[in-house]
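Visitor: Can you look at this prediction? I've put the sequence above it.
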Amino acid sequence: MTTQPHNHIVRSYDEERQRLTTEILRMGEMATAQLEAALDVVERRDDKAAARIVANDEAIDVLEREIGQEVMTLALRGPMARDLRELLAALRIAADIERIGDYAANVAKRSTALNAVPPLPHTRGLNVLGQRVLQQLRDVLQAFVANDAEAAERVRARDVDVDTLHTGLFRELLTYMMEDARAITPCTHLLFMAKNLERIGDHATNIAENIWFLVHGDGPMAPREKRDAASLAT
């Protein structure tokens, strides 16, 4: 007789945990779509679409707040050590996704400034960087759903490729600015957009590290190689 209420409590707790995972994934998918749309409006030079992307960022912010409230509700239920790791990882991952949404919105917002000048060839390099970051985000969300620490570690290791692309684009833009003073303003916008994309890559890496933490606790990860020489100049 006494087992039925207990089973009900356990089942309810498990259902709430599953809903939390689902909401984090939904938030991640929204941020991924936000980034994909931002890269698209840079290519299409679409001011109206860019404005919609900026406005849609609020939906990601709202979902992060809802996830935070759910984590607090679950935390008050007296979780065990593994559950506490899940809740802490959920908070951290939600915060990283929220920042990814912010950076994607910033890319879209700056694209409107580029639309006021003739197209620059360097937007192709920006798109290459953006597509690499987009793949990082998709892969780390898959690792999250699968609870796959090794897949998360592979995403983390590939962040060096993002750093390399960002550094190359940074140097190319600086060279172009030195050769043609008229390019300084649009290239400055591209520099900031490239940095936004590089930071999205960093947040995807943070998510990967939190997946590792979720699975392995405080088990050490291999040192991560960094090649973002552009950060030394900014």
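Guide: Alright, I've got the coordinates. Numbering: from 1, shown residues only.

Visitor: by contact count, what packs against the one helix or strand residue 62 maps to?
Guide: Using DSSP states H and E, residue 62 sits in helix 47-75. The criterion is 3 or more C-beta pairs under 8 Å, 6 or more residues apart in numbering; DSSP states H and E, and the helices and strands that helix 47-75 contacts are helix 3-44, helix 81-114. In short, each C-beta sits where N, CA and C put it, glycine included.

Visitor: to the chain's geometric centre, what's the distance from the helix or strand just after the last one?
Guide: Read in the C-terminal direction, the helix or strand following helix 81-114 is helix 123-146, with elements assigned using DSSP H and E. The offset between the C-alpha centroid of helix 123-146 and the centroid of the whole chain comes to 9 Å, using C-alpha atoms, centre = their mean, to the nearest Å.

Visitor: By mean pLDDT, show me the worst of the helices and strands packed on helix 47-75.
Guide: Among the helices and strands packed on helix 47-75, helix 3-44 carries the lowest mean pLDDT, a mean of 82.

Visitor: can you give me the angle that helix makes with helix 123-146?
Guide: For helix 3-44 against helix 123-146, the angle by axes from the mean of the first three to the mean of the last three C-alpha atoms, to 10 degrees is 170 degrees.

Visitor: Show me the contact partners of stretch 36-49.
Guide: Applying C-beta atoms under 8 Å, 6 or more residues apart in numbering, the contact partners of stretch 36-49 are 50, 53, 104-105, 107-108, 111-112, 114-115, 119, 123, 126-127, 130-131, 134, 193.

Visitor: make that stretch 140-148, sorry
Guide: Here stretch 140-148 makes contact (C-beta under 8 Å, 6+ apart) with 21, 24-25, 28-29, 32, 93, 149, 151-152, 155, 204, 207-208, 211, 214-215.

Visitor: thinking again about what came up before, residue 72: which of the helices and strands packed on helix 47-75 is closest?
Guide: Nearest to residue 72 among the helices and strands packed on helix 47-75 is helix 81-114; the distance by C-beta to C-beta comes to 8.8 Å.

Visitor: Just the buried residues of the closest one, please?
Guide: Neighbour counts over helix 81-114 (16 or more other C-beta atoms under 10 Å) mark 85-87, 89-114 as buried.

Visitor: ok, the residue nearest to the spatial centre of the chain - contacts?
Guide: Central residue of the chain (C-alpha atoms, centre = their mean): residue 100, 3.7 Å from the mean position. Residues near residue 100 by C-beta under 8 Å, 6+ apart: 31, 34-35, 137, 200, 203-204.

Visitor: can we see that at 10 Å?
Guide: Taking C-beta atoms under 10 Å, 6 or more residues apart in numbering as the contact definition, residue 100 lies against 27-28, 30-32, 34-35, 60, 133, 137, 196, 199-204, 206-207.

Visitor: Roughly how far does it sit from residue 92?
Guide: Computed as C-beta to C-beta, to the nearest Å, the residue 100 to residue 92 distance reads 13 Å.

Visitor: where do the contact lists of these two overlap?
Guide: The contact sets of residue 100 and residue 92 overlap at 206-207 (C-beta under 10 Å, 6+ apart).

Visitor: burial measure for residue 169, as a count.
Guide: Using other C-beta atoms under 10 Å, residue 169 has 24 other residues around it.
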